[in-house]
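Trainee: A structural model of the following input is requested.
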Amino acid sequence: MPPPVRKLGGKNKGAADSQQPQTLEQGATPPVSPLRDAEWSREIANGQQAGPESTAHAALTVLPKPLQPTAPASLADIVPEHYEQPDATGELSEKERGDLAACEAALDVARVAFYIAGKALRVIRDAKLYRATHATFDDYVSERWGMRRANAHRLIEAAPIAEPIVSSPMGDKINERQTRELVPLSKHHSEQAAADLYLALAQQVAAANGKGPKITGELVRQAAEATLVALPPGSEWNRETAAEVVRTVLAQVTGQAPTEEAADDDAEQHSWFEAETGRIASLADKVAKRADKHPAEAKAFAAALMAHAKRIEKAVSKSAP
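Mentor: Modelled structure (predicted):
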């Protein structure tokens, strides 16, 4: 014999009342319910039985409500209200330090907003989480977020490249444009390879102590394109080769030869030139082995080498007595 059903609506008012099923308005939640925020089955809420085989426990069945996205605190809520101090001098007060920390925290979030958005969109697309409300992912981003398909997919492509970069101390300044320039390299090699190239670029720029160029989308594009020439599609990724390419690109931009490994005395200078010559020869051998499968890329590499050689000859002729 099934256990008696406990009424959800207050105390029993008598046998007459107990024989009449208590009804609720459509979609309403039974009063005095600890689950007042849940969505109850209409048949059960209105006192109807689900079937002859159902037990009294079924009367307490609760249908979970679809989860609603919880909006995070907006950046505007993090930033203090605007105020001016035109005559402010001296050290920051405790309040000012707090205001600065809040403003910088908001900027830090905004800096990687493109990466966070891309990561979220990627999950929604690949897990088909949009299917509850939309037939396709493109419809979802267009109708739910007012975003064009191309923009959504650009963010998705950038996210896995940016992830290892933004978590690195050398990648704290990367932006969407710079990440986007790494996408072709990631498609031909890997997302980690693209991240490796950016971090090598950031490291060498930082080593210049402000004397080198700033990292821009254009500089990242040049480095990525030069790397694809040195390490064409289908070749094995090599971090050392990528680092050499970065040094060459920076030398082209600044008009100066790479100096991080250069020494001060003549003996070490000679050793440095020998080492660099060996690296160029090794790189040329790698390109020559792939020339039959990638003739256009090999030809472009050879042309780049010739251009570099002419630039070196020109520098030598200027310095000759």
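Trainee: so where do the helices sit in the stretch 51-200 of the chain?
Mentor: Listed in chain order, the helices of the stretch 51-200 of the chain (DSSP state H, counting those that start in this stretch) span 75-78, 94-111, 113-126, 137-145, 149-166, 176-181, 183-188, 191-207.
Trainee: quick one, which of those helices is nearest to Arg290?
Mentor: helix 183-188 (12.9 Å; CB to CB). From N, CA and C alone the C-beta is placed, and that goes for glycine too.
Trainee: who does that closest one touch, helix- and strand-wise?
Mentor: Counting contacts by 3 or more CB pairs under 8 Å, 6 or more residues apart in numbering; DSSP states H and E, helix 183-188 packs against helix 149-166, helix 191-207, helix 217-230.
Trainee: low-scoring pLDDT stretches of the chain, where are they?
Mentor: Judged by pLDDT under 70, the chain has its weakly predicted residues at 1-75, 169-172, 209-210, 255-276, 278-279, 282, 319-321.
Trainee: and if we set it to 90?
Mentor: For the chain, the stretches with pLDDT under 90 are 1-81, 85-88, 102-115, 163-175, 200, 202-215, 233-234, 239-243, 247-321.
Trainee: Now for the closest residue to Lys214 other than its chain neighbours, how many residues are close by?
Mentor: Once flanking residues are discounted, Lys214 sits nearest to Val205: 7.4 Å by CB to CB, 6 or more residues apart in numbering. By other CB atoms under 10 Å, 20 other residues sit near Val205.
Trainee: In this structure Val205 contacts Val220, no?
Mentor: No. Using CB atoms under 8 Å, Val205 is not in contact with Val220; the gap is 10.8 Å.
Trainee: hang on, the earlier thing: out of the helices and strands packed on helix 183-188, which gets nearest to Leu121?
Mentor: Distance to Leu121, taken as CB to CB, is lowest for helix 149-166 among those, at 5.2 Å.
Trainee: Report the inter-axis angle for the closest one versus helix 137-145.
Mentor: Interaxial angle, helix 149-166 versus helix 137-145 (axes from the mean of the first three to the mean of the last three CA atoms, to 10 degrees): 90 degrees.
Trainee: Packing partners of helix 149-166?
Mentor: Here helix 149-166 touches helix 113-126, helix 137-145, helix 176-181, helix 183-188, helix 191-207, going by 3+ CB pairs under 8 Å, 6+ apart.
Trainee: and those as TSV, adding distance to Leu305?
Mentor: Converted to TSV, the helices and strands packed on helix 149-166 look like this (distance: least, CB to CB, whole Å):
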stretch	distance to Leu305
helix 113-126	36
helix 137-145	45
helix 176-181	23
helix 183-188	21
helix 191-207	20
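Trainee: between these, which gets nearest to Pro233?
Mentor: Of all the helices and strands packed on helix 149-166, helix 183-188 sits nearest to Pro233, with 4.1 Å by CB to CB.
Trainee: Can you point out the buried residues in stretch 83-99?
Mentor: Neighbour-count burial for stretch 83-99, counted by 16 or more other CB atoms under 10 Å, picks out Asp99.
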